[in-house]
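>>> Curious how this folds, go ahead:
(chains A, B, C, D and E, ligands or ions: 4)
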Amino acid sequence: MNKKYIVGSILPLLLIAIWQLVSYFEVLPVQMLPSPIDIVEAFVNLVKSGTLQENLYTSLIRAAVGFFIGSASGILLGLIVGNSRFMEFLVDPSVQLFRMIPHLAILPLLILWFGFGEPSKIIIVASGAFFPVYINTFLGIRSVDYKLIEVSKVLEFSRSKQITKVVLPAAMPNILLGIRMSMGTAWLSLIVAELMGATTGVGYMISNAREFSQTDVVFVGIIIFACVGKITDSFVHILEKRLLRWRDSYQGVNAK
Amino acid sequence: MNKKYIVGSILPLLLIAIWQLVSYFEVLPVQMLPSPIDIVEAFVNLVKSGTLQENLYTSLIRAAVGFFIGSASGILLGLIVGNSRFMEFLVDPSVQLFRMIPHLAILPLLILWFGFGEPSKIIIVASGAFFPVYINTFLGIRSVDYKLIEVSKVLEFSRSKQITKVVLPAAMPNILLGIRMSMGTAWLSLIVAELMGATTGVGYMISNAREFSQTDVVFVGIIIFACVGKITDSFVHILEKRLLRWRDSYQGVNAK
Amino acid sequence: MAILSIENVDKRFLKGKESLNVLTNINFTIEEQEIVSIIGPSGCGKSTLLRILAGLDQDYTGKINFDGKPISEPGKGKGVIFQEHRLFPWLTVEDNICANLNKRDEDVQQRLKEVIELVKLTGFEKSYPKELSGGMSQRVSIARALMRNPDILLLDEPFGALDAFTRKHMQDSLLDIFNNRKMTIILITHDVEEAVYLANRIIIMDSRPGTIKEIVSIPLQYPRNVVSDEFLSHRNKALTILDYT
Amino acid sequence: MAILSIENVDKRFLKGKESLNVLTNINFTIEEQEIVSIIGPSGCGKSTLLRILAGLDQDYTGKINFDGKPISEPGKGKGVIFQEHRLFPWLTVEDNICANLNKRDEDVQQRLKEVIELVKLTGFEKSYPKELSGGMSQRVSIARALMRNPDILLLDEPFGALDAFTRKHMQDSLLDIFNNRKMTIILITHDVEEAVYLANRIIIMDSRPGTIKEIVSIPLQYPRNVVSDEFLSHRNKALTILDYT
Amino acid sequence: KSKDSEKVVTIGSQKAVTPYYLAKEKKWFEEEFDKLGVKVNWVEVQGGAPQFEAVSAGRIDFFVTGNTPPIAAQNAGIPFNIIGVASTGQKNVGIVVKSDSAIKEISDLKGKKIAVAKATAAYDNLLRLLNHGGVNASDIEPINLQPNEAKAAYTGGSVDAWVVTEPFLSQTIVNDKSRVIADGSTIDYTSPAYYIGRKEVVDKHPEYAKAFLTVIKKATDWQAENLDEATSIYTSQLGMNTEVVSKVIEHVNFTLAPLDDKLQKTQQGVAQFLYEQKAIDKVPDTKQITNNQYVNEVLK
Ligand SMILES: Nc1ncnc2c1ncn2[C@@H]1O[C@H](COP(=O)(O)OP(=O)(O)OP(=O)(O)O)[C@@H](O)[C@H]1O
Ligand SMILES: Nc1ncnc2c1ncn2[C@@H]1O[C@H](COP(=O)(O)OP(=O)(O)OP(=O)(O)O)[C@@H](O)[C@H]1O
Ligand SMILES: [Mg+2]
Ligand SMILES: [Mg+2]
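Ligands and ions are numbered 1, 2, ... in the order given. Purely as a prediction, here's the structure:
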């Protein structure tokens, strides 16, 4: 397990090393690409002043609430649509249409309807989280082996039990994948969400710093984004491993 | 089959009807939400002047090239990482880190390195397309039933044949899902990509119309986005059905 | 009284553009508390027929009455064992066996223990299907069907993956249960001896398309003596009809 | 000459925190061009042993030599039939059978035709696995193994899902192939009669943990007469050792 | 000669009401730079910050921008010069309310929600106007929104007033019948736009800067003399309403001028303001990046 983490840090560390070298020899303009050390400095300052914690906290709350609403409704609708061909015909085309609507373009409408407060931001995040979970749940359900469905029929499972005890566990690999993907999109949606009347949040911090050409702060923001995103992703990955330990699946060449 | 399409248009048509009513009674300010008829009018004008076709054409090319590059490399890396635990440990954490980096925030770096031309835009689109395919391919491979891998071993498949003839087909449901998701993200990335020094493209058309408060044009753009996205998505959906006809899977309650 | 009556059943599968005629002109009845065995060459349509009787396949022509009513869906009181084991891979052995029951119920726990002992899987309650041998999986699926205490049992080669010893044990257990519970059993098997050992009647099928060749009665008392002359003569009769000597 | 020698093989599975001792102290050798049958109670470790011999499981202690070398991976010239059929669901019957061969090769096509006829699946070449019956799937997996023309065949209950008639046909075909091709065959079966009919030697196993109880030689000429006294006496001997009478 | 023909100058294009756009449409830049054997390359970059990012990436040479972006860019060490003033109007930033609003004057803004983009010219104007009207900055609730989003919030009624720059100001006056309750002229305060040149280009090729400003001069003069024609170009090319275009032109007062002492002081004041708002972490000396040499030469 330790080996795993060591191997995993090789590339990021290498990247940072090259980056520091590039900065040291000023291959690229500093205003565009501050050195890792500058970024660490900016990071320390932001932490000292408490700005970063505050922004991160706000963003995490927004992301969490939005993600929860979006992914819960994604799973729910995915379940409904996955379990019924009629609902598929009725709802899925519209969902696919909405999936392709760019957030940035509908910001004004959201503000018009929901104002510029938290609701709009959370709607943006939630709608970012919704689609990956929805589509993965839907297709996960549609990949369930029909043989097992038959078993649930002869065992006289009620419809709801069929769904909770057969369809859901069988679709679980895909649902978890959807959750992982949607955590990513939810998190990234913050950037757009926090363009709207925000005065806090990591997304706001980035846009604001960009506005004032504070590239080091922009990079702190980007790195915070990447790291927090990666950490939450890892949680689900671990959950994935635990929930799916009943599977006997391929782990790569020579892995068994 | 016909029934399917009729049922599928119920919701969109209903939405349009309500929308038209809302506009007719001026429930919402027209400048924010033009009526469907206004939008059709704007659409007709844009088509007549040829602007729309030109923008759409450019965007389609960008999206297609970016999608192709992004999804091809996503499948490739997904295959490599999926087939080897070592590569997983080495590469996957970094990929997951990069997945969480917001596009909007790294535009300046892209401009620095690739300028304002097509390459930057295509990189944005490609990186939008990359992640869903990558992660779906990776996890698709890791879901392959180990029993079948064993068969390929006793049949003495070469490693490459094992991958092309066993791992790939078995992971195909997930790969196709990844492709569908990444077509969406690629398409949506255009909005960001075309913020950068573009003078054509549907994304540019939307941002530009926003600048000049031409809400009807913004809506034409949004609808074009949704429709073109949906149409390409449907193609892959059809492909999915054809490629996966060997499966015996659940199609919803009472579907068999 | 006939619990099941099958009239003129005909079943086709689409195979590309053609259709494959799998069952034609199937007619028989099954009395309550009878053990009927179905035997016939591989691919003749036994499993297909069983699936129809279980209510899993409604796409056939002809008439089937179960307890006086047409079969519309997998109904109450039926226990089915599929040819493949079809365990839920995410459930342990005991959870598979109790799939639709409340495991915390004391009564259920008691029965669970009995059934697990019956199929000789004590010690493997917490194992996942991927950790079982072929025969063990099959026994789990038997246990799952028995656990429901069904009125009618539809068994598709339930003992195919078992060794002779375990198989004999399972056969005798099945007869025990039959005697205690007075259920109706339809049993697909490849083993003529098994059919003669267990069944009141044997439906012998022929293939392409699947038809009923003959229905043989085995009017012997239970428990049957497999080396008795009567047993052997019935066995040989069945073998002759099957064209196999 | 011994093609396979197994010395002191011991195999454990992790089961939660405990470890389950599945095989202990397994010792035997298999000569070239021999048919050896393995028989034993369900769950005694037969399939596990076969997987080890096939090179699919390297996590054991003890020594195994195949052709003078330790087994490191599923090697050349081995044909394996798994207990479950394990067909590639996305390939048709013929593509499954030709899985690692060039189907356009004329020679392959010729052999494909022969093998499909042998397993009596003519007409189902283009079917997908989901459209096959249990026995038909099993026959596809037999065909797939035979198609490779192996020097050593490892069979895990290859005829378990076949009716008596088809089973007899497959047994005789296997003997035919054995005579023509002079291969080595290791066959797991539950059917003592089958073992005595086919094998030069029968390895009788006991369970928990799996050990070898006895190895019985069957020095009878092929084709064997199943009703001859010698046959019956060997069969009874095996049954006695198995504790089953 | 062939080497000369490979020379390229990159000009930021802007689709907006500005003589700069006229010059682009009429291909005057191409004409002028052709005399130097230089090809013109256009890029469209939206927003001040991205423009300066492009400068530091060396991907843009000349463009026009507002008065706040250069201050942050200077602090970030981006190498550029302000090479001319593009507008001197005082009505280009204003506080607007809906026609039926009860807000009549600045003092009515107390306790109101006001949409304004933080740390921009609009914010600068707002604070100065509040001060002028005797309202404490903490007595209003500023809502940080960029013009596009602010417009939605304003139209939707979730804010009471909007501090906005052109062309949104004229748009809302014309389209929404918005009322301006105060603007820069109320306090005789100018928020100009500037022409910017990338330092490296300006230093190495003064002739480019001169050529650029020469065209600007020509276009500015032409617009002043042919106001109707200019207006019709804007309306047809940008899809804006004539009334809006006229208003914008009137409010902005396009010129080409050097950065005189008064403007310089204003600009330094903006820098001070941004610092006080904690938008920037030090006050730059705005004089350092000002280069009036070429504009003076062109105007001579
Ligand atoms: N889903 C299906 N689609 C098409 N054909 C099918 C399908 N299921 C079964 N068949 C065909 O129906 C026939 C009968 O199949 P069935 O499974 O009933 O045979 P069976 O008698 O149970 O054979 P076995 O003893 O081998 O299990 C076979 O020829 C098979 O190919
Ligand atoms: N992957 C595994 N993990 C844990 N235990 C396993 C695993 N595979 C097999 N076992 C255990 O090993 C023992 C032997 O299994 P094996 O499949 O070899 O039996 P078998 O002799 O082939 O039985 P059968 O005749 O029923 O097929 C069983 O108790 C089984 O539970
Ligand atoms: Mg069958
Ligand atoms: Mg086994």
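>>> Do you have the strands of chain C handy? List them.
C:2-15, C:18-31, C:35-39, C:61-66, C:69-70, C:78-81, C:152-156, C:184-188, C:201-206, C:211-217 (DSSP state E).
>>> now the first one, how far from the chain's geometric center?
Spelled out, it's strand C:2-15. With CA atoms, centre = their mean, to the nearest Å as the basis, strand C:2-15 stands 17 Å off its chain's centre.
>>> so what strands line up beside that strand?
strand C:18-31 (antiparallel), strand C:61-66 (antiparallel) (DSSP bridges).
>>> ok, the residue of the stretch 201-300 of chain E found nearest ligand 2 - contacts?
Here the residue of the stretch 201-300 of chain E nearest ligand 2 is E:Asp281; by CB to the nearest ligand atom that distance is 62.5 Å. In this view, the C-beta of every residue, glycine as well, is placed from N, C-alpha and C. Listed by CB atoms under 8 Å, 6 or more residues apart in numbering or on different chains, the contact set of E:Asp281 reads E:Asn75, E:Tyr275.
>>> From E:Asp124, how far off is it?
18 Å (CB to CB, to the nearest Å).
>>> Isn't C:Val93 up against C:Phe124?
Yes: the criterion here is CB atoms under 8 Å, and C:Val93 meets it with C:Phe124 at 5.3 Å.
>>> between these two, which one's more packed in?
C:Val93 (27 against 22; other CB atoms under 10 Å in any protein chain shown).
>>> check contacts around that one.
Contacts of C:Val93 (CB under 8 Å, 6+ apart): C:Ile116, C:Leu121, C:Phe124, C:Glu125, C:Lys126, C:Ser127, C:Tyr128, C:Pro129, C:Leu132, C:Val140.
>>> ditto for E:Phe63
By CB under 8 Å, 6+ apart, the neighbours of E:Phe63 are E:Ile11, E:Gly12, E:Gln14, E:Val45, E:Gln51, E:Tyr195, E:Ile196.
>>> Identify the residue spatially nearest to the first one, adjacent ones excluded.
By that I understand E:Ile11. E:Phe62 (5.0 Å; CB to CB, 6 or more residues apart in numbering or on different chains).
>>> Can you give me the neighbour number for the one you found?
E:Phe62 has 27 nearby residues by other CB under 10 Å.
>>> Within its sheet, name the partner strands of the helix or strand of chain C with the lowest mean pLDDT and how each one runs.
In chain C, no helix or strand scores lower on mean pLDDT, DSSP states H and E than strand C:69-70, which sits at a mean of 78. Strand pairing for strand C:69-70, using DSSP bridges, gives strand C:61-66 (antiparallel).
>>> just how off-centre is the strand it pairs with within its chain?
The answer for strand C:61-66 is 19 Å, by CA atoms, centre = their mean.
>>> Give me the contacts around it.
C:2-11, C:26, C:52-53, C:55, C:70-71, C:75.
>>> let's see 6 Å
Here strand C:61-66 makes contact (CB atoms under 6 Å, 6 or more residues apart in numbering or on different chains) with C:Leu4, C:Ser5, C:Ile6, C:Glu7, C:Asn8, C:Val9, C:Asp10, C:Ile71.
>>> Format these as a markdown table; extra columns: pLDDT, distance to E:Phe212 and neighbour count.
Formatted as a markdown table, these follow (pLDDT from 0 to 100; distance: CB to CB, whole Å; neighbours: other CB atoms under 10 Å in any protein chain shown):
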| residue | pLDDT | distance to E:Phe212 | neighbour count |
| --- | --- | --- | --- |
| C:Leu4 | 84 | 95 | 21 |
| C:Ser5 | 86 | 97 | 15 |
| C:Ile6 | 87 | 94 | 22 |
| C:Glu7 | 86 | 95 | 13 |
| C:Asn8 | 87 | 94 | 13 |
| C:Val9 | 86 | 90 | 21 |
| C:Asp10 | 89 | 88 | 14 |
| C:Ile71 | 74 | 87 | 21 |
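>>> nearest to E:Leu259, of those?
The shortest approach to E:Leu259 among the contacts of strand C:61-66 belongs to C:Ile71, at 92.1 Å (CB to CB).
>>> quick one: that closest one from B:Ile111, how far?
Taken as CB to CB, the span from C:Ile71 to B:Ile111 is 69 Å.
>>> count of neighbours near C:Pro209?
17.
>>> is it true that it touches C:Ile26?
No: here C:Pro209 lies out of contact with C:Ile26, judged by CB atoms under 6 Å, at a distance of 9.8 Å.
>>> In a helix, E:Glu44, correct?
No: read with DSSP: H, G, I helix; E, B strand; the rest coil, E:Glu44 is strand and lies in no helix.
>>> Need the per-residue pLDDT for the residue lying closest to it once chain neighbours are set aside.
Of all residues not flanking E:Glu44 in the chain, E:Ser13 sits nearest, at 4.9 Å (CB to CB, 6+ apart). You'll see E:Ser13 listed with a pLDDT of 82.
>>> go on, the one 10 residues further on?
As predicted, E:Ala23 sits at a pLDDT of 82.
>>> what's the answer for the one 3 residues further on, then?
Reported pLDDT at E:Lys26 in the predicted model: 80.
>>> A:Gly70 now?
94.
>>> likewise E:Asp4?
47.
>>> longest helix of chain C?
Scanning chain C for the helix with the most residues, using DSSP state H, yields helix C:164-181.
>>> Format the CA atom coordinates belonging to that one as PDB.
C-alpha atoms of helix C:164-181 as PDB (Å, rounded to 0.1, in the frame of the first residue of the first chain):
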ATOM      1  CA  ALA C 164     -22.900 -39.300  -6.600                       C
ATOM      2  CA  PHE C 165     -22.900 -39.300  -2.800                       C
ATOM      3  CA  THR C 166     -24.200 -35.700  -2.300                       C
ATOM      4  CA  ARG C 167     -26.600 -36.300  -5.100                       C
ATOM      5  CA  LYS C 168     -28.100 -39.300  -3.500                       C
ATOM      6  CA  HIS C 169     -28.400 -37.400  -0.300                       C
ATOM      7  CA  MET C 170     -30.100 -34.600  -2.000                       C
ATOM      8  CA  GLN C 171     -32.500 -36.900  -3.800                       C
ATOM      9  CA  ASP C 172     -33.500 -38.600  -0.600                       C
ATOM     10  CA  SER C 173     -33.900 -35.200   1.100                       C
ATOM     11  CA  LEU C 174     -36.100 -34.100  -1.700                       C
ATOM     12  CA  LEU C 175     -38.300 -37.200  -1.200                       C
ATOM     13  CA  ASP C 176     -38.400 -36.500   2.500                       C
ATOM     14  CA  ILE C 177     -39.500 -33.000   2.000                       C
ATOM     15  CA  PHE C 178     -42.000 -34.200  -0.600                       C
ATOM     16  CA  ASN C 179     -43.400 -36.600   1.900                       C
ATOM     17  CA  ASN C 180     -43.700 -34.100   4.700                       C
ATOM     18  CA  ARG C 181     -44.900 -31.200   2.700                       C
END
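>>> Any buried residues in it, and which?
For helix C:164-181, the neighbour count (16 or more other CB atoms under 10 Å in any protein chain shown) marks C:164-171, C:173-175, C:177-178 as buried.
>>> CA atoms only for stretch E:195-211, dumped as PDB, please.
C-alpha atoms of stretch E:195-211 as PDB (Å, rounded to 0.1, in the frame of the first residue of the first chain):
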ATOM      1  CA  TYR E 195      -4.800  52.500 -25.500                       C
ATOM      2  CA  ILE E 196      -2.200  50.000 -24.500                       C
ATOM      3  CA  GLY E 197       0.900  48.800 -26.300                       C
ATOM      4  CA  ARG E 198       3.000  45.900 -25.300                       C
ATOM      5  CA  LYS E 199       6.300  47.400 -23.900                       C
ATOM      6  CA  GLU E 200       8.600  45.300 -26.000                       C
ATOM      7  CA  VAL E 201       6.900  46.300 -29.200                       C
ATOM      8  CA  VAL E 202       6.600  49.900 -28.300                       C
ATOM      9  CA  ASP E 203      10.300  50.000 -27.400                       C
ATOM     10  CA  LYS E 204      11.600  48.100 -30.300                       C
ATOM     11  CA  HIS E 205       9.200  49.400 -32.900                       C
ATOM     12  CA  PRO E 206       8.100  52.900 -32.000                       C
ATOM     13  CA  GLU E 207       6.900  53.200 -35.600                       C
ATOM     14  CA  TYR E 208       4.200  50.500 -34.800                       C
ATOM     15  CA  ALA E 209       2.900  52.600 -31.900                       C
ATOM     16  CA  LYS E 210       2.800  55.600 -34.100                       C
ATOM     17  CA  ALA E 211       1.100  53.800 -36.900                       C
END
